[in-house]
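Enquirer: pasting the structure only:
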DNA sequence: CAGTATGTACAGTTTATATTGTACGGTTTT
DNA sequence: AAAACCGTACAATATAAACTGTACATACTG
């Protein structure tokens, strides 16, 4: 039984690449390695198995797998007779992608909508102040216009999320079939 | 002239929010603050102006603005008679969004396509080894199948990028008009 | 009900990243 | 041609994030 190591080594190349990709989107290395490991693992995994295979601490596995869960890259699986929590990587990567970005974009929308409102309010209040100069007034109007434009962006993004979440995006960008992809 | 400070304070709320958003996608705080500052700034900015307004070092401005440039969130602007480099934030945020993600997704595709090929090759070679067990063989076939599925994902992603870059996405998810957005 | 197993909070440590300051090469100005 | 200016490389530092180990709460087992 010397091969498993070699298989793992082959896997490692892609796992590292996945890790780097996920780092691009702000996910930690441990999450990347964990996800990659789960990607190749046949059965749902326990925290202890993850610990063994990644060589990392149980705490990292616990927090990592929960984070991956909330991003919909991984999900809990229940198997009767098994007491430990089991997790497996989402099989459908396109779906994972879609959900991941919808989560991110939703966060973005919510976070910034709030901030825009506050900034707008503050700016409008300034317009009422007595000692405001004409330059400052135009400055404020410019800012408000910019924010109004920004809101259009967030409105669009909201629509985009809807298109992704509803699966409508696949009408316009269908998932290719095996045969349609040359190596 | 007491107000400018107050205007800046109002702006700061949204700038911080933008910074947080960009942090979500793996961009550094300084890049976030810089972009936010440029978002509100009327004219194209020099590195020195950025330094003043953000209160950060010139080095940060230099590296930051170049990084933002390569992500298409900011672009150089040339004005005759001005010796210093000038930069301004991309006005069209939807466009920025689209280009940003296309850059990211392209990186992802290229990075992983390479890795998948290598992993596939390594796994196929293992199939030829003499001392391979049946279990290991099925293991390898499982892995190869997973990778084949993964390639479908990247093929889809490539199509998605095309749809975004070509602007075709706006046929399906149009940018709303002012009137269509209630606060 | 004691004893064991499981997952997580939390503080501490390590590691990586972000940011700065100085120095330098290339350009323009005088 | 000297002087001033501008942007960036690079090393040093400050800051933040990732990661680990221990300890604990909860749930299960006998």
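Expert: Happy to help now that I have it. Keep in mind that what you see is a predicted model, and the values were worked out from it rather than measured. Numbering: from 1, shown residues only, chains lettered A, B, ... in the order given.

Enquirer: okay, CA-based contacts and neighbour counts for the rest of this
Expert: OK.

Enquirer: Domain map for chain A?
Expert: Domain assignment for chain A by automatic domain parsing gives A:3-89, A:93-171.

Enquirer: Residue B:90: which of those is closest?
Expert: Checking the domains of chain A against residue B:90 by CA to CA gives domain A:93-171 as the closest, at 11.8 Å.

Enquirer: Would the closest one count as contacting chain B?
Expert: Yes - Domain A:93-171 lies within reach of chain B by CA under 8 Å from any CA of the partner chain, at A:93-94, A:104, A:108, A:111-112, A:115-116, A:118-120, A:122-123, A:126, A:132-133, A:136, A:140, A:143, A:146, A:150, A:152-153, A:155-156, A:159-160, A:163.

Enquirer: average pLDDT across that domain?
Expert: Domain A:93-171 shows a mean pLDDT of 96.

Enquirer: That domain: end-to-end distance?
Expert: With CA to CA, to the nearest Å as the measure, domain A:93-171 spans 17 Å from end to end.

Enquirer: what does the average pLDDT come to for stretch A:73-80?
Expert: Computed over stretch A:73-80, the mean pLDDT rounds to 94.

Enquirer: Please list the residues outside it that contact it.
Expert: The contact list for stretch A:73-80 (CA atoms under 8 Å, 6 or more residues apart in numbering or on different chains) reads A:35, A:44, A:65, A:68-69, A:85-90, A:96, A:100.

Enquirer: Leaving out chain neighbours, which residue sits closest to the residue most central in space within chain A?
Expert: The C-alpha lying nearest the average C-alpha coordinate of chain A belongs to residue A:100 (CA atoms, centre = their mean; 3.6 Å). The shortest distance from residue A:100 to any non-neighbouring residue, by CA to CA, 6 or more residues apart in numbering or on different chains, is to residue A:71 (5.4 Å).

Enquirer: same thing with residue A:174?
Expert: Of all residues not flanking residue A:174 in the chain, residue B:156 sits nearest, at 7.3 Å (CA to CA, 6+ apart).

Enquirer: can you pull the contacts of that neighbour?
Expert: Residue B:156 sits next to A:94, A:173, A:174, A:175, A:176 when contact means CA under 8 Å, 6+ apart.

Enquirer: same for DNA strand D: which of those are within range?
Expert: With the criterion set as CA under 7 Å from any atom of the strand, no member of those is near DNA strand D.

Enquirer: now these: which count as buried?
Expert: A:94, A:173, A:175 (16 or more other CA atoms under 10 Å in any protein chain shown).

Enquirer: Which elements pack onto the helix or strand the residue nearest to the centre of chain A falls within?
Expert: Using DSSP states H and E, the element containing residue A:100 is helix A:93-127. Counting contacts by 3 or more CA pairs under 8 Å, 6 or more residues apart in numbering or on different chains; DSSP states H and E, helix A:93-127 packs against helix A:134-165, helix B:3-24, helix B:134-165.

Enquirer: How confident was the prediction at residue A:178?
Expert: pLDDT recorded at residue A:178 is 81.

Enquirer: Wait, it touches residue B:152, no?
Expert: Yes - counting by CA atoms under 8 Å, residue A:178 touches residue B:152, with 6.9 Å between them.

Enquirer: Looking at these two, which is more packed in?
Expert: Legend: neighbour count by other CA atoms under 10 Å in any protein chain shown for residue A:178 and residue B:152, higher for residue B:152 (22 against 13).

Enquirer: that older thread, sitting in strands, which of the contacts of stretch A:73-80 do you find?
Expert: Members of the contacts of stretch A:73-80 lying in strands (criterion: DSSP state E): A:86, A:87, A:88, A:89.

Enquirer: who's in contact with residue A:181?
Expert: If a contact means CA under 8 Å, 6+ apart, then residue A:181 has B:152, B:155 as its contacts.

Enquirer: so how far is residue A:18 from it?
Expert: Counting by CA to CA, the gap from residue A:181 to residue A:18 is 21 Å.
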